[in-house]
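>>> Could you work out the structure for the sequence below:
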Amino acid sequence: MPKCKISASCKLSLKILLLARATEELEAEKAAREEEKVCYLGEKLPPLQLIGLNTDDLQKLCKQIHAKNEMVDEERYDCEAKVIKNNRDELTLEMGDWRKNVEAMSGMKGRKKMFLMHDVRD
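All right, here's what the predicted structure looks like:
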């Protein structure tokens, strides 16, 4: 059965259509993420009601916001520390102890011992 050949102009048209479709999908994903972000922030950060608050109430509100900010900053720091530690641990696992792997990496696969035994016997 002969292969189906597509002309260069058809290939170009298909590429253009695929790129246009991919661009549309990326824009839709971006809009969905932005909408999700707005909804999330709306839930987590309700709008401040500052009208009618006296000085003491404003100070209490500022202290509450400052406390929440510190808590979030500590969580961010802890997450960063975990990521750094995890990356460091993965690098250690990848490298491992080089002395244990010297024979395995040398490609001798036990032949080194065989040569040493011949030298000892002779």
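
>>> domains of the chain?
Domain assignment of the chain by automatic domain parsing yields the ranges 8-44, 51-107.

>>> Turn the ones you listed into TSV, including mean pLDDT and mean neighbour count.
Any C-beta I mention is one placed from the backbone N, CA and C, and that applies to glycine too. Below are those laid out as TSV (pLDDT from 0 to 100; neighbours: other Cβ atoms under 10 Å):
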stretch	mean pLDDT	mean neighbour count
domain 8-44	94	10
domain 51-107	84	10
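
>>> The residue nearest the centre of the chain and D89, how far apart?
The chain has V83 as the residue nearest its centroid, 9.9 Å off, counting by Cα atoms, centre = their mean. According to Cβ to Cβ, to the nearest Å, V83 and D89 sit 11 Å apart.

>>> Quick one: residues contacting A8.
Counting by Cβ atoms under 8 Å, 6 or more residues apart in numbering, A8 touches no other residue.

>>> Over to it: give its phi and psi.
Phi and psi for A8, reported as degrees, to the nearest 10, are phi -60, psi -40.

>>> Which helix or strand contains the closest residue to L53 other than its chain neighbours?
Distances taken as Cβ to Cβ, 6 or more residues apart in numbering put L61 closest to L53, at 6.9 Å, once the chain neighbours are dropped. Using DSSP states H and E, L61 sits in helix 55-95.

>>> and what of I16?
Counting by DSSP H and E, I16 is part of helix 8-44.

>>> Now do that helix and helix 55-95, the angle between them.
Counting by axes from the mean of the first three to the mean of the last three Cα atoms, to 10 degrees, helix 8-44 lies at 130 degrees to helix 55-95.

>>> still on that earlier bit, how much space separates the residue nearest to the centre of the chain from M71?
Distance of V83 to M71, given as Cβ to Cβ: 19 Å.

>>> Check the secondary structure at the closest residue to L58 other than its chain neighbours for me.
Among residues not flanking L58 along the chain, L50 sits closest, at 7.2 Å (Cβ to Cβ, 6+ apart). Here L50 is coil, with the state taken from DSSP: H, G, I helix; E, B strand; the rest coil.

>>> Going forward, count from 679.
Okay, residue one is now 679; in that scheme the one you just asked about reads as L728.

>>> Sweet, I'm off.
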